[in-house]
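Undergrad: pasting the sequence and the predicted model now:
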Amino acid sequence: MKVSADVRAMIERRKQNYTLEAPFYTSEPIFALDIDAIFRRHWIQVAVEPDVPEPGDYVTVEIGDDSILIVRDDDMRVRAFHNVCRHRGARLCNTGKGSLGNIVCPYHSWTYSLNGDLMFAEHMGEQFERCKHSLKAVHVENLAGLIFICLAEQPPADFAVMRAAMEPYLLPHDLAGCKIAASIDIIEEGNWKLTMENNRECYHCVANHPELTISLYEYGFGYQRTPANEEGMAAFETTVARRTAQWEAMQLPSAEIERLADLVTGFRTQRLPLDRDGESQTLDAKVASKKLLGGLKHADLGGLSFWTQPNSWHHFMSDHIVSFSVIPLSAGKTLVRTKWLVHKDAREGIDYDVDNLTAVWRATNDQDRALVEYSQRGARSSAYEPGPYSPFTEGLVEKFCEWYIGRLADYDANPRAVHDEKVVSFVR
Amino acid sequence: MKVSADVRAMIERRKQNYTLEAPFYTSEPIFALDIDAIFRRHWIQVAVEPDVPEPGDYVTVEIGDDSILIVRDDDMRVRAFHNVCRHRGARLCNTGKGSLGNIVCPYHSWTYSLNGDLMFAEHMGEQFERCKHSLKAVHVENLAGLIFICLAEQPPADFAVMRAAMEPYLLPHDLAGCKIAASIDIIEEGNWKLTMENNRECYHCVANHPELTISLYEYGFGYQRTPANEEGMAAFETTVARRTAQWEAMQLPSAEIERLADLVTGFRTQRLPLDRDGESQTLDAKVASKKLLGGLKHADLGGLSFWTQPNSWHHFMSDHIVSFSVIPLSAGKTLVRTKWLVHKDAREGIDYDVDNLTAVWRATNDQDRALVEYSQRGARSSAYEPGPYSPFTEGLVEKFCEWYIGRLADYDANPRAVHDEKVVSFVR
Amino acid sequence: MKVSADVRAMIERRKQNYTLEAPFYTSEPIFALDIDAIFRRHWIQVAVEPDVPEPGDYVTVEIGDDSILIVRDDDMRVRAFHNVCRHRGARLCNTGKGSLGNIVCPYHSWTYSLNGDLMFAEHMGEQFERCKHSLKAVHVENLAGLIFICLAEQPPADFAVMRAAMEPYLLPHDLAGCKIAASIDIIEEGNWKLTMENNRECYHCVANHPELTISLYEYGFGYQRTPANEEGMAAFETTVARRTAQWEAMQLPSAEIERLADLVTGFRTQRLPLDRDGESQTLDAKVASKKLLGGLKHADLGGLSFWTQPNSWHHFMSDHIVSFSVIPLSAGKTLVRTKWLVHKDAREGIDYDVDNLTAVWRATNDQDRALVEYSQRGARSSAYEPGPYSPFTEGLVEKFCEWYIGRLADYDANPRAVHDEKVVSFVR
C-alpha cells in the first residue's frame, strides 16, 4: 500500500501537542493504512496464556480481514497461523475458541498438524507436494504470559528490549498460573486511536469514572498544580516514593519505565499506590480474590500498569490482573476485549465473586466507550480542528500520537507489504 | 470539493422539463457534493422558535457529518454553534434536545457560556489562550418563528428578500406564540431531491392521498383542462379569486409569490381555500384546535403554504401549523421531520386532540415515503432515463430541478469551501 | 465499464487448475464488473413457467440494481420488462409476485398493457408521444419451462445450441405441467462464484452432506481411485452404463453432454442412477410425490441434472424437480433461490408432503451456505493465495473458472454497455 500525497502531507505537518487531523480518525483509506502500517507490522497483544492452557486449545483473533489461529501445540508451545486452508482458502476454525487434535478444514477435510504441516489431502494425485501446502505461520511472543503476534515477515527486533525490561515487573504476578475468570468484548463506535488516547490520560477520570477513582489516584498521569490540589499532590508524591522503595525492597520492581515513543515496540510501566490504602481496583479497594497471585504474600502491592503501543494495557494487582486488548474494526468501530484473571486455583463463589471482580472496569469501560463515541462524532464535523493537549495531564496522549505518526512516516519510507502488495491495494 | 468533469457534463446537458439523470439521485459522491454545495452554502430551515422557548433550551440538528447546536441565550436570542469541543473535539450535546446553564463538554469539562465563549478549562497552563477557543458560530435567522441556519462563512444575502416578502404572510399566525404539540421523524429510503420533488406537485394526490384530499383541492398545483374537470377547475378558480379578495381585505396577504428559481434563497407562498368549506387540513376539514393562533378571529382562513429551497415547506392554518424540514442522510436516505404547532395556551385533550391534529399528515407522509422509495428503486435501474414532466401539473418540480442545477453550476464556478477544503475532499 | 489494468493483469495471469485470486471474490469493483460483464450479457436463469401460470401473473427479479418484471401476457406468452416507469422512473411492481390486468404505476397512474405499451398518461398535453414511452423490453427464452432472461441488446445466439441439446432431456419431465410446491430463498455471505464452485464438485459431500448422500453417489463428479474405493467406483461405473442404456431405450436421453467452457451459453447435463436403488433425492430415496411428472410411467429414473453457466442448476427426478437460481447481491452476498416442483395435479398432504419433499435440499443448502461463508472469510485474508484443484474431483470447478475468466476477457475485448455507459460507470 502506498501512502498518498495528501496523507503524507498530513503526516509531515502534524502539529505537536495537538490532536490529529480528522481524517486520521474518520477516513476508511487511512484505516486501511493503519491496518497495514501499524497492525500488520508491529507486535500486537492479542491473548494471554490462560486462553490456551492445554495442547490443542486455540483462540482465533481477527486483525483487519486476517484471522489468526493461536494454538498450543503438543510440546506446550504457543503457535500462531493464518486461519486459512491452502486448498480452496476456507477459514479453518470458525469459532472464537475451542480445542482440537489436528486442524481439519471443514470443506474437504484437508488435515494439518498442530505445527501447521499438511498431513492429509485426498484426491490430489501423486504429483501433489504436501510439504508446499503447510499453514502460513505468524510470529508469536510470550511475555510473562501475555501473547503478542506480528504479521510482518520480519517483526520488530526490539521486542527483546521490552521483554528484558518487563519480565522482572510482570513475572512475580505469574499470569501463566492464572485462569480467565471473565472476558467481555465491547464495541466502541469510534476510531481505535481515540480508544488508545482515552487510555493514556486521566484528565477525564474525576468527572467520568466514579467507580475507578475509588482506588485510582487522579494524580497518576500528572496534574497542573493549583492551590486547591497542592496538598493532595504533594501527599501523593510522598506516598509514591515511600511505597516504591518498600516494593522494590520486596523484589517487586515499581519505578516508571517510559519508552512509549522512542522504541518501535513502545511501552511504559509503573507501579502506583492505590487510594484509600487500597489493595486492588475494586469498589471497596480490597482484594477481589482471596488467593493471591503466584508466590505473592502481601495484598497491598498497589497497581502495576503496563501499557503497550499500539494496542494494549494491563493492570496487575496482588490478587487479579485486568488485561485490555484493542482491535480496530473499521475507521469508526473498535473492539475492546477485557479479561479478568485470578489464580488458577481460586474458587468462584468462595475465593472470588465475578460481579465484584469486574464491577469497576465494566462501569469504566462503558463510560470510556461513551467518551470515545462523543469524540468520534466530533471528529466527523467539518468544524473539527486539532485541539491542544494539556501539558500537565495529556503528555502520554501526545506520546501515543508521536509514536503513531512516526510509525506511519517509517512505513511511508519503507512500504514493504506483508504478503502481497496487489491484494492489499484492493482494500482501498 | 471539486466538481468532476462527468458531473459538470451532467449539469450542463440537463434537459429542461425532464427528471434529473440517475446519478443525481443515487451517487454517493454527488450526495457529498449536495451536502457541500447545497446544504453548507444555503439557508436551511431546521427548527422553530417553540423548540427553544426558554434561555438554555437547545436542540441539535445534523447536516451531513456536522452537528449544530441551536440554543437560546440569556438575552433570549437564538444562537447556533458547531457542537464540537475545541479541546479534543468531543461532541458537546449528545441528545437531540434539552436545557442547560452553560455548555459543558462531557469529556474534560471544558465549559462554554451560552454565547460560545470558553469560560473554563483546567490543566491548560498559563500560556493557554481561552479567547482563541470559543465555539464556532453558525449563522442563524429567525423568520416569523422559523429558524434557518447557514453553514457558509458568507451566507446568501437575499434572505432579506424572503423575509420582507414573507413576514406579512406569516406573522398573523404567530408561530412564536405556539407550542409543539407533536413532532415525528420518518426516514425515507430515497434521495432528498425525490422527497422535495414529491412535495412540489399534486399530480399524485388523488390516487395516493385519500386523507389529504378531503381538504386539499387537487387543482391547487395546476391541472390539464379536460371536459371531465372543466367545471371543477372553473369553480376552483372562482373560489380562489373570491377568498383571496376577502382575506386580503382582512390584512391577511394571500396572493401567490413565486421566487423558487430566480433567487438563491428560493421560495414560494400562496394561501388557498380548502375543499368542503374547510377550515383546516384535518379528516373532517374542521379546526383541530379550538384556540385560534395569535390574534386570528376566523377559522376559515384556508391554508397558507410556504415552500423554501432547498429543504422545507409549511402549512399555516387558522388553528395550527404543520412544518416540514427535510434533512439528507445519504444518497438513498432522507429524514423528514414534521412538527405540528398549536397556540401555546391550547390544552391537550380539551382544545385539541393529538391524534386528530396529526392524522392527515401522518397518513400522507407515509404514502409519500412509499412513492419516494419506489422512485429511488427505479432510479437505480440501468434502464432508468430522464422522463418528461407534465407541463400542467409538474411545473414546480421543474422549478426545483432548475434551482438545484443552477446552484450546482454556481458552486462549480465558485467552489469556496466552508471550513477546510482538505477535510471535505476526504468525504469522497 | 472499462476493465482496469490491474484486473486485466489478473485475468491474463490466471493459473489453470487453481482457485481465482482473492479480489475476484472480495472486491466490489470486480463485483460491479461481474454484474455488467456476466449478468448483463449472458442468459440468466431466473424463473420457471409455473411462476406465472395465468395471464397477468408476474414475478420480479433483481439483477444488480435492475428489477425485471416477468409477466405472462394475454396470449400466454411470457414477457420480460424493466420494472421502471417511463415518467418519473418509479418502480412499477413493488412486490415479488402477484397478478394484474394492466401495469399501473403507483405514482401518477401511468398505465401500460401487458405487452409494455403505454396506454394512458394524464395531464401530459397534446404534444406528448405515448408510443415513445413504452416499457423497455428484456429478452426472454423459455427452455422446457425454465425461464431465462438476457439484459444485453444482442443476447448470445448459442442459446439455440443449448435448447436443441436439452429439450429432449427435459421435456419428458414436463416442467410446464408442474406447480411450485415450495420456494425458499437463502442468503449466503459469500461471492456468487463460491456458490457456483461449491455446486460444481462433490469432493465435499461425504464430510458435509449426510442427507444428500443417502441418494447421491459420491463418485458422480469423479474420484481418485484408491484401494479403498476401487470396488465401489467400478460398481458405480457398471451401474451407470447399465441404467443409461435402459433409460435411453425408454426415450429418456441420459448420456453426459458437457459444454461448460466452450460455449458462451455454457451448460452440462447427465442422468445418473441414485444410490440405494433410489428413485428420488429424498431422505428415504423414494419418490416424494405419488403423482409422477408428465407422462412418466416409472419411478426409478435416477436424477437428471442440468447445470448452466453462470447461475443455475436443476435436478429432474421422476416425481419432482428441484431448481436452483443464483443471484449475486454484492461481492460478499448471494441469493440462492430454490424451487421444488411437483405435478400440478398432485395434492399436498395426500400425494406429497412438503417437509419430506424439501428435507434433503433444505439441509444441503444450509450446509453449503456455511462452506461458502468459510471460503469467503478465507478469501479476505491477506494470507489467501490460489490453491490447487484436485485433478480428479474438481474438474468442473476448473471449467466454471475457465468459462468465467474467458467471458471477462471477451468483455474486455468488446466492452459494449447494455444501456448507458455513463450510468454504469457510477457504480464504481
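TA: Nice, thanks for sending it over.
Undergrad: tell me where the stretch 201-350 of chain A has strands.
TA: A:257-259, A:267-272, A:303-308, A:312-316, A:320-330, A:333-343 (DSSP state E, counting those that start in this stretch).
Undergrad: ok, which of those strands comes nearest chain C?
TA: Taking Cβ to the nearest Cβ, strand A:320-330 is the member of the strands of the stretch 201-350 of chain A nearest to chain C, at 13.5 Å. (Glycine included, C-beta is placed from N, CA and C.)
Undergrad: could I get the strands of the stretch 201-350 of chain A as JSON lines with distance to C:Lys333, mean neighbour count and mean pLDDT?
TA: Listed next are the strands of the stretch 201-350 of chain A as JSON lines, based on distance: least, Cβ to Cβ, whole Å; neighbours: other Cβ atoms under 10 Å in any protein chain shown; pLDDT from 0 to 100:
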{"stretch": "strand A:257-259", "distance to C:Lys333": "45", "mean neighbour count": "16", "mean pLDDT": "98"}
{"stretch": "strand A:267-272", "distance to C:Lys333": "41", "mean neighbour count": "22", "mean pLDDT": "98"}
{"stretch": "strand A:303-308", "distance to C:Lys333": "37", "mean neighbour count": "22", "mean pLDDT": "98"}
{"stretch": "strand A:312-316", "distance to C:Lys333": "34", "mean neighbour count": "22", "mean pLDDT": "98"}
{"stretch": "strand A:320-330", "distance to C:Lys333": "18", "mean neighbour count": "22", "mean pLDDT": "98"}
{"stretch": "strand A:333-343", "distance to C:Lys333": "19", "mean neighbour count": "21", "mean pLDDT": "98"}
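Undergrad: dump these to a markdown table, plus distance to C:Ile30.
TA: Formatted as a markdown table, these follow (distance: least, Cβ to Cβ, whole Å):
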| stretch | distance to C:Ile30 |
| --- | --- |
| strand A:257-259 | 44 |
| strand A:267-272 | 41 |
| strand A:303-308 | 38 |
| strand A:312-316 | 36 |
| strand A:320-330 | 21 |
| strand A:333-343 | 25 |
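Undergrad: columns distance to chain B on top of the ones you listed, output as TSV?
TA: Formatted as TSV, these follow (distance: least, Cβ to the nearest Cβ, whole Å):
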stretch	distance to chain B
strand A:257-259	20
strand A:267-272	19
strand A:303-308	19
strand A:312-316	19
strand A:320-330	15
strand A:333-343	16
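Undergrad: give me the secondary structure label for the closest residue to A:Val264 other than its chain neighbours.
TA: Spatially, and ignoring its direct neighbours in sequence, A:Val264 is nearest to A:Pro156 (4.2 Å; Cβ to Cβ, 6 or more residues apart in numbering or on different chains). Three-state assignment for A:Pro156 (DSSP: H, G, I helix; E, B strand; the rest coil): coil.
Undergrad: my guess is A:Pro156 contacts A:Thr265. True?
TA: Yes - the pair formed by A:Pro156 and A:Thr265 meets the contact definition of Cβ atoms under 8 Å, at 5.1 Å.
Undergrad: re the thing from before, give me the neighbour count for the residue nearest to A:Val264.
TA: Applying other Cβ atoms under 10 Å in any protein chain shown, we find 19 residues neighbouring A:Pro156.
Undergrad: same check on A:Ile350?
TA: 10.
Undergrad: wait, a helix at A:Leu171?
TA: Yes - under three-state DSSP, A:Leu171 falls within a helix.
Undergrad: that one reaches A:Leu146, doesn't it?
TA: No - using Cβ under 8 Å, A:Leu171 is not in contact with A:Leu146, being 11.2 Å away.
Undergrad: which bits of the stretch 251-400 of chain A sit near chain B?
TA: Contact residues, the stretch 251-400 of chain A versus chain B (Cβ under 8 Å from any Cβ of the partner chain): A:370-371, A:374-375, A:377-385, A:387-388, A:390-393.
Undergrad: give me the buried subset of the residues you listed.
TA: A:370-371, A:374-375, A:377-385, A:387-388, A:390-393 (16 or more other Cβ atoms under 10 Å in any protein chain shown).
Undergrad: so the one residue sitting closest to the centre of chain A versus B:Trp361, what's the distance?
TA: Geometric centre of chain A, nearest residue: A:Ser312, 2.1 Å, by Cα atoms, centre = their mean. Distance of A:Ser312 to B:Trp361, computed by Cβ to Cβ, to the nearest Å: 54 Å.
Undergrad: repeat for A:Ser323
TA: Computed as Cβ to Cβ, the A:Ser323 to B:Trp361 distance reads 55 Å.
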